[in-house]
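Undergrad: could you look at this predicted model? Sequence included:
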Amino acid sequence: MNISEPANFPWYYRSLDMEQIWRDFPPPPDFFSGVFRASRDELRALQDRRFLQTMKRGWEIPFFQRHWSSAGMQPGDIKSLDDLPKIPSYNVEHIRKSIEAHPPFGDFMGIAPGGPNPLPLVLQTSGGTTGLPRPMLYSPHDREIMAILGARRYAMQGMRPGDIVLVAFSLGLSNGGFANREILWKYMGAVPVMTGGGATTPTRRQIEICRAWGINVVLAFPSYLRHLALVARDEMKFDVRDLKVRMVGSHIGIEDRKTIEELWGAPCYDSYGTHENGTLATECKFQNGMHVNDDCFAIEIVDPETDKVQRDGERGCIHITTLFRDSAPLIRFNINDISSYMPDTPACPCGCTFRRLTKIYGRNDNMVKVRGVNVFTEAIGVTAAADNRTNGEFFCMIETVGEARSDELIVMVEVPNLAEHSASVKADLERRLKEVIGIRTEVKPVAPHELNQYTGVAQTSKVKRLLDKRKVT
Ligand SMILES: [Zn+2]
């Protein structure tokens, strides 16, 4: 490498055409007078144009060449977005195989560090809990647009420039923490306070920071939002409602929004994002479904059994096609999260014309079969959290017991006033869970913090909720 050759030092700001990005993917406030209100026909035309560019890029990338050619596809077969369902989908297993065959980063991104025309790249990963997490390299262009999408989300939810924002997402390989820093700092004019999870900044210190520095927005996963509020209340004799935060932001899925809003005395907004793409869909302040960033994604809901694209209201696996990426595009990536589209009418009162997803119901692969019944651990969590004698923390264990070798589902829940409520919580929750998930469970009430050893809630934002002992032994 020639050290005096400027081209070998790819400066970040020279690698971007910011004016073009701002025109094509407007951040707030321009966003609200532009594509936010575009007609469905205008949006479809825009999607179509960007989709064909994305297909062209896909054919340049070895992973897609191989995947598509082996299904008999030829360049030019796909003529518009209407043809999207004809393209074979792929999933995380295909990505893992690509990485194995072409280490260290696979052949699905179309970019790599170094080379004759280097780009300044940054690497973040999925939040995987076992083994190496999946890496993703971001080009400056893609990274800036992802930050813009995040700023659209927060502006739609009522965040304002000048807000002081506690970001309690993990700081490390997983993308959540750093992505929010870029969003808030570069495109929201808000001030990110990067405390990270409880392992980075102890929870008590996070509460002290909220009080001392005038934090008025808190971003964290639902379990940590509850944990923060309860540590403040039970250990520090401080009610976080006194912080008078404007909003709390999260990925709620089917967790219990009401408990979090009551604890914080502020609205809690849902959104949906992935480490590859940032914010795909977000609630606005009306909490009325999650608006998909339709100018940047084509999202399909696909029946996992039949591969048929579902109609509005029908649940299925989210398939992502990106319309903004120049590197590592996703084209019918089955991310395995379950959702459904809301009908377009009645329109959302916010005026946004983007289509809405109802919510994320869980992961297709977080579903476990117990005595022949499909159980989502998320559904157990919602049921436990709805009982206000618990603090919302729960952990499920499945094991095979007795001579009959029967599978038992044990649900442990934290109950702050254990001596008084243990027996009644056990009886009530066992009955309620039978109604909700359809099978008998054994509920074990335990004292607060006892589940930390299983869930990791005090240390990490990627909380574990299930141990399937049938697979371990
Ligand atoms: Zn809306």
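TA: Received, thanks. Since the structure is predicted, the reported quantities are computational estimates derived from the model, not experimental observations.
Undergrad: looking at it, Thr322 is touching Asn277, isn't it?
TA: Yes. Shown here, Thr322 and Asn277 form a contact pair, counting by Cβ atoms under 8 Å, at 6.3 Å. Placement of C-beta: from N, CA and C, glycine included.
Undergrad: touching both of these two, which residues are there?
TA: Phe297, Leu330 (Cβ atoms under 8 Å, 6 or more residues apart in numbering).
Undergrad: pLDDT score for the nearest residue to Gly58 once chain neighbours are set aside?
TA: For Gly58, ignoring the flanking residues on the chain, the nearest one in space by Cβ to Cβ, 6 or more residues apart in numbering is Phe64 at 4.1 Å. What the model reports as pLDDT for Phe64 is 98.
Undergrad: contact residues of the chain facing the ion?
TA: Cys284, Phe286, Cys348, Cys350, Cys352 (Cβ under 5 Å from the ion).
Undergrad: can you redo these as a markdown table, where the extra columns are pLDDT and secondary structure?
TA: Rendered in a markdown table, the data for the residues of the chain next to the ion read as follows (pLDDT from 0 to 100; DSSP: H, G, I helix; E, B strand; the rest coil):
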| residue | pLDDT | secondary structure |
| --- | --- | --- |
| Cys284 | 98 | coil |
| Phe286 | 98 | coil |
| Cys348 | 97 | coil |
| Cys350 | 97 | coil |
| Cys352 | 98 | coil |
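Undergrad: thinking again about what came up before, by contact count, what packs against the helix or strand harbouring the residue nearest to Gly58?
TA: Assigned by DSSP states H and E, Phe64 belongs to helix 62-69. If contacts are counted by 3 or more Cβ pairs under 8 Å, 6 or more residues apart in numbering; DSSP states H and E, helix 62-69 sits against helix 92-101.
Undergrad: chain center to the helix or strand just after the helix it packs on: distance?
TA: Downstream of helix 92-101, the first helix or strand assigned by DSSP H and E is strand 122-125. Averaged C-alpha coordinates place strand 122-125 at 16 Å from its chain's average position (Cα atoms, centre = their mean, to the nearest Å).
Undergrad: can you give me the buried ones in strand 122-125?
TA: Gln124, Thr125 (16 or more other Cβ atoms under 10 Å).
Undergrad: list the contacts of the residue in the stretch 151-300 of the chain positioned nearest to the ion.
TA: Nearest to the ion, among the residues of the stretch 151-300 of the chain, is Cys284, at 3.3 Å (Cβ to the ion). Counting by Cβ under 8 Å, 6+ apart, Cys284 touches Met156, Gln157, His291, Cys348, Cys350, Cys352.
Undergrad: highest neighbour count among the residues you listed?
TA: With neighbours taken as other Cβ atoms under 10 Å, the top of those is His291, carrying 27 neighbours.
Undergrad: that residue belongs to a helix?
TA: No. Looking at His291 with DSSP: H, G, I helix; E, B strand; the rest coil, it is strand, so not inside a helix.
Undergrad: just to revisit the earlier point, and the furthest pair within the contacts of Cys284?
TA: Gln157 and Cys348 (13.0 Å; Cβ to Cβ).
Undergrad: give me the pLDDT value at the one residue sitting closest to the centre of the chain.
TA: Nearest to the geometric centre of the chain sits Gly273, at 3.6 Å (Cα atoms, centre = their mean). For Gly273, the pLDDT comes out at 95.
Undergrad: which residues does it bridge with?
TA: Thr279 (DSSP bridges).
Undergrad: and it, how far from Gly214?
TA: 27 Å (Cβ to Cβ, to the nearest Å).
Undergrad: Three-state assignment for Tyr187, please.
TA: helix.
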